[in-house]
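Trainee: Fold the stuff below for me.
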Amino acid sequence: MKRISTVRTYLPVPRQGVEGRRTVLQPQVTGASSRATLRARREEMNGPDVILHNGAITTLEQNNPQVSAIAISDGLVTATGGEELLASADQKTQQIDLKGRRVIPGLNDSHLHVIRGGLNFNMELRWDGVPSLADALQMLKEQARRTPPPQWVRVIGGWTEFQFAERRMPTLEQINEVAPDTPVFILHLYDRAILNGAALRVLGYDRNTPNPPAGEIQRDKAGNPTGLLIARPNAMILYASLAKGPKLSFDDQINSTRHFMRELNRLGLTSVIDAGGGFQNYPDDYKVIGQLASNREMTLRIAYNLFTQHPKGELEDFTNWVRTATPGQGDDFYRLNGAGEMLVFSAADFEDFLEPRPDLPPELESELSKVVGLLVANRWPFRLHATYDESISRFLDVFEKVDREIPFNGLRWFFDHAETVTPHNLERIRALGGGIAIQDRMAFQGEYFRERYGRNAAEHSPPFARMLEMGIPVGAGTDATRVASYNPWVSLYWLVTGKTVGGMQLYPEENRLDRLAALRLYTVGSSWFSGEDGKKGMLVPGQLADLAALSSDYLTVPEADIKRIESVLTMVGGKVVHGREEFSNLAPPLPPVSPDWSPVASYGGYHSATATASSMKSDCGCHRRTTASIPKQAPLWYGLGCDCFAF
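Mentor: Modelled structure (predicted):
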């Protein structure tokens, strides 16, 4: 069985005609394509807004896979072809010489916690892509010196010990040596957090602090906390600790979100589906992104899902949202996508491959059935976090029962992750019209998975090649920022090579994709998951003019260099949102990073840094309890008995 080289396209391809090498739309088409037809006609009189030419433009159109020029008007592609498109330009047309660069449709991450990530980006020191532990510790030391009290230094996900030349985790002694006074919180996947002595003091951990349910505070022989927090297997202790840290002010959150979007643009991302998340409460934590959308300052298209916030109150959450919101409301830059990835807390099977698979509670079926029934009855698309096949079996039992009573009837729904899904359950997913959003979490913890479950199980976790062969809609993504990195090129490298970030060969050839097939998952594939198939994902007339010109040719560079690719020119709706090198003069201005001590100001993002900000008060939201209301002697996780900080 050979590496998968074709992927089913879930796009109604617009009717097209060919005039020489130029592709234009026929007048019979409707919707976005008909608008493009009108714009194409207008161009015959006035000229397009933008023409990019002299490039190697990958369209992902089967019959016209590569062109050298593309015309854009009013945010849509209106024509593709060769240098003859320049003849349609007028004095107002912006002409951009691509100088032979490879251009691809803008990348679309089907599962990224971008809204929460934006609120925190300027606070976080990122170890994503840092090549050695020595470099990482030096960054930590420098950032601890510049971070003012009472702020913390936070390293929150996106890295693994296997990426370092030393092939190991930092020790507690090293963390305390480089940062003796500034609180430091380092999160590693869903399995552990490393705290220095200053952080333990701020959080009030001492020998009298009890372990939380399903979590462990590691202690020395005298019973004193060492600084290592361990999920056993529940990550609540990790995220409850993190939630106690300072937050950025509203203005700094605005700045932070703008810089995070621009960082994603730098990597060629033009769209993201936000999967909600713990400590991301609707509508309060959506005010920043909502203001940016209202001010037309978005450089990234975001379709967002609503994540339940109250354990045992999930049905009430979704009942309220069904009454007050409608999927699809918004515009092409910011719109509601549906429910999830958390629907009920009893169905939370987050992965920690250093621990045995968790058994979900018996009340799962009754709680999930009520919520899914409500969503289906009101035609709300939904997504559900599902790591293990055992969980997926129970979820599908619920879905099939609901479908018999209230038919899904084409409602868009999908699982996220599905690392260990079996062929039998893939058949059930297909029969119900579902999709699967996969992420490169195994690239960061494949070594742990293989050690626990064995080589054979690891070779098809997840079995994305089989999903595609079966015609199941598949979209690619990262699940950033708390586990994997947000860098899509690491994910594409993983899909193509089958290797982890640490270089371990995880997948055999039959569970790997060729480069175009992988690219389709990150463009055409992901568009299905926000109901925008046919609207974006390809560079063809009638679709949104979202694209990226690359630093290296993705289709020809050595496989090892795929993960080093960046964008040198990113356009969203035909407007430049990022530019560097020969396109740096086209880049729109971005305000300086704030606050000025932010790690982003010193290290940037991927292969870089970030820290923390102002108010120590924190409202979990899911329990409607502020830290000020927590009894002074209560343990850290008082009132936080759920997984709401995970995901």
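Trainee: from here on, contacts and neighbour counts on C-alpha atoms
Mentor: OK.
Trainee: Point out where this structure drops to low pLDDT.
Mentor: For the chain, the stretches flagged by pLDDT under 70 are 1-44, 608-647.
Trainee: Specify the local secondary structure of the nearest residue in space to residue 548 that is not next to it in sequence.
Mentor: Once its chain neighbours are removed from consideration, residue 548 has its nearest residue in residue 570; the separation is 4.4 Å (Cα to Cα, 6 or more residues apart in numbering). Secondary structure state of residue 570, per DSSP: H, G, I helix; E, B strand; the rest coil, is strand.
Trainee: can you pull the contacts of residue 317?
Mentor: Neighbour list for residue 317: 308, 309, 310 [criterion: Cα atoms under 8 Å, 6 or more residues apart in numbering].
Trainee: Please give the number of neighbouring residues around the last one.
Mentor: The burial metric for residue 310, expressed as a neighbour count using other Cα atoms under 10 Å, is 19.
Trainee: now swap in the first one and tell me
Mentor: Burial measure for residue 308: 28 neighbouring residues, criterion other Cα under 10 Å.
Trainee: give the contact list for it.
Mentor: Under the criterion of Cα under 8 Å, 6+ apart, the contact partners of residue 308 comprise 314, 317, 318, 340, 342, 343, 344.
Trainee: Kindly reformat those as JSON lines containing distance to residue 374 and secondary structure.
Mentor: Converted to JSON lines, the contacts of residue 308 look like this (distance: Cα to Cα, whole Å; DSSP: H, G, I helix; E, B strand; the rest coil):
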{"residue": "314", "distance to residue 374": "11", "secondary structure": "helix"}
{"residue": "317", "distance to residue 374": "11", "secondary structure": "helix"}
{"residue": "318", "distance to residue 374": "8", "secondary structure": "helix"}
{"residue": "340", "distance to residue 374": "13", "secondary structure": "coil"}
{"residue": "342", "distance to residue 374": "15", "secondary structure": "coil"}
{"residue": "343", "distance to residue 374": "11", "secondary structure": "coil"}
{"residue": "344", "distance to residue 374": "13", "secondary structure": "coil"}
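Trainee: Among these, pick out the one closest to residue 415, please.
Mentor: In terms of Cα to Cα, no member of those lies closer to residue 415 than residue 340, at 9.8 Å.
Trainee: From residue 143, how far off is that closest one?
Mentor: 36 Å (Cα to Cα, to the nearest Å).
Trainee: ditto for residue 279
Mentor: From residue 279 across to residue 143, the span is 25 Å (Cα to Cα).
Trainee: Residue 601 now?
Mentor: As defined by Cα to Cα, residue 601 lies at a distance of 11 Å from residue 143.
Trainee: Which one's more surrounded, the two?
Mentor: Between residue 601 and residue 143, counted using other Cα under 10 Å, the more crowded position is residue 143 (26 against 17).
Trainee: Could you count how many residues lie near the spatially closest residue to the more buried one that is not a sequence neighbour?
Mentor: For residue 143, the nearest residue in space outside its immediate sequence neighbours is residue 599; the separation is 6.6 Å by Cα to Cα, 6+ apart. The criterion is other Cα under 10 Å. On that basis, residue 599 has 32 neighbouring residues.
Trainee: just wondering, since we're on residue 599, how far is it from residue 147?
Mentor: Residue 599 sits at a distance of 9 Å from residue 147 (criterion: Cα to Cα).
Trainee: Does residue 272 lie in a helix or a strand, and which?
Mentor: strand 269-274 (DSSP states H and E).
Trainee: wait, I meant residue 602
Mentor: helix 599-603.
Trainee: Need the CA coordinates for that helix. CSV is fine.
Mentor: As requested, the backbone C-alpha atoms of helix 599-603 are provided in CSV (Å, rounded to 0.1, in the frame of the first residue of the first chain):
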residue,chain,number,x,y,z
PRO,A,599,8.9,38.0,26.0
VAL,A,600,7.4,38.6,22.5
ALA,A,601,9.3,41.9,22.3
SER,A,602,12.6,40.1,22.8
TYR,A,603,12.1,36.7,21.2
